[in-house]
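> A structural model of the following input is requested.
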Amino acid sequence: MLYELRIYNVVPGRLPAINDRFATHTLGFFKKHGIGVMGFWTDEIGVSNRLCYILTFDSLADRETKWTAFQADTGWHQVRAQTEASGPIVDHVINSFMRLTPYSPQPHIRSNVQELRIYDAVPGKIQAVHNRFANHTIGLFNKHGIDNIAYWSDEVGTSNRLTYLLGYPDLGAREKSWTAFMADPTWQQARAESEKDGALVRLSRHYIWRRTAYSPR
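Okay, here's the model as predicted:
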């Protein structure tokens, strides 16, 4: 299955408008054209005018067929024109196409708060990152109450990137779990052994999310 992460940076003050359009109209058009939806999120911490969501398709070809039909839908054109009569809602969109790693669970969201983490590996070390997650990190996350929702590699784009989604009951639980995980001697040993020739991750980005009211449950 192909997953598409879409990040909408919204025009200031227009986040309620984009949420209303998705809830009232866009989700219906997605269903009409067979576009799968994993979830919709707004930032719990950080940027206050961003909407992020993840769609699902069978393949890139399937995505092209369905997205083309959605974009050509006259009903969608009418809704977009009406909702943007006073100006654009979205400033710019960032998207990426991803596939689950071999060690990823099938995505299932049970938690109240999610965290998207994007790791850009040091060149040549992405496989070492995958090995560490598969052999050590995922099990330690489970041990410390961190929900492993999904792990992805980019299908198109950056070849040394790992994107993954975690879950927590609440922000307090996240803090407690990460403190325990970072202090765990088993993790410290695994990290030291995997980084004996240098760090594996060059850049990491984190988003703390909460699902919107209209996101699938």
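> let me know the next secondary structure element after the helix or strand harbouring K176.
Assessed by DSSP states H and E, K176 sits inside helix 171-183. Following helix 171-183 in sequence order, the next helix or strand is helix 185-194 (DSSP H and E).
> now for that following helix, which elements pack on it?
Under the contact definition 3 or more CB pairs under 8 Å, 6 or more residues apart in numbering; DSSP states H and E, helix 185-194 sits against helix 126-132, helix 138-143. Where C-beta positions appear, they are placed from N, C-alpha and C, glycine not excepted.
> which outside residues touch the last one?
Outside of helix 138-143, the residues within contact range by CB atoms under 8 Å, 6 or more residues apart in numbering are 103, 147-148, 151, 166, 177, 181, 184, 186-187, 190.
> for it, buried residues please.
138, 140-141 (16 or more other CB atoms under 10 Å).
> pLDDT below threshold where in this structure?
Of all residues in the chain, those with pLDDT under 70 make up the ranges 158.
> where do the strands of it begin and end?
Using DSSP state E, the strands of the chain run over 2-10, 36-45, 50-57, 90-100, 113-121, 147-156, 161-168, 201-211.
> want to throw those strands into JSON lines with mean neighbour count and distance to L27?
Below are these laid out as JSON lines (neighbours: other CB atoms under 10 Å; distance: least, CB to CB, whole Å):
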{"stretch": "strand 2-10", "mean neighbour count": "19", "distance to L27": "14"}
{"stretch": "strand 36-45", "mean neighbour count": "19", "distance to L27": "7"}
{"stretch": "strand 50-57", "mean neighbour count": "20", "distance to L27": "10"}
{"stretch": "strand 90-100", "mean neighbour count": "15", "distance to L27": "16"}
{"stretch": "strand 113-121", "mean neighbour count": "20", "distance to L27": "19"}
{"stretch": "strand 147-156", "mean neighbour count": "19", "distance to L27": "21"}
{"stretch": "strand 161-168", "mean neighbour count": "21", "distance to L27": "20"}
{"stretch": "strand 201-211", "mean neighbour count": "15", "distance to L27": "13"}
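> between those, which one is nearest to P107?
strand 147-156 (4.1 Å; CB to CB).
> neighbouring strands for that closest one, and are they parallel or not?
strand 90-100 (antiparallel), strand 161-168 (antiparallel) (DSSP bridges).
> would you mind giving the ones you listed as CSV with distance to A69 added?
Shown next, in CSV, are these (distance: least, CB to CB, whole Å):
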stretch, distance to A69
strand 90-100, 18
strand 161-168, 27
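> doesn't H33 make contact with D62?
No - in this structure, D62 is not within contact of H33 by CB atoms under 8 Å, at 10.9 Å.
> can you tell me how far the residue lying closest to S111 once chain neighbours are set aside is from R174?
In space, and not counting its chain neighbours, S111 is closest to G167: 3.0 Å by CB to CB, 6 or more residues apart in numbering. According to CB to CB, to the nearest Å, G167 and R174 sit 9 Å apart.
> which neighbours do the two share?
What both G167 and R174 touch, as defined by CB under 8 Å, 6+ apart, is the set 113, 115, 146.
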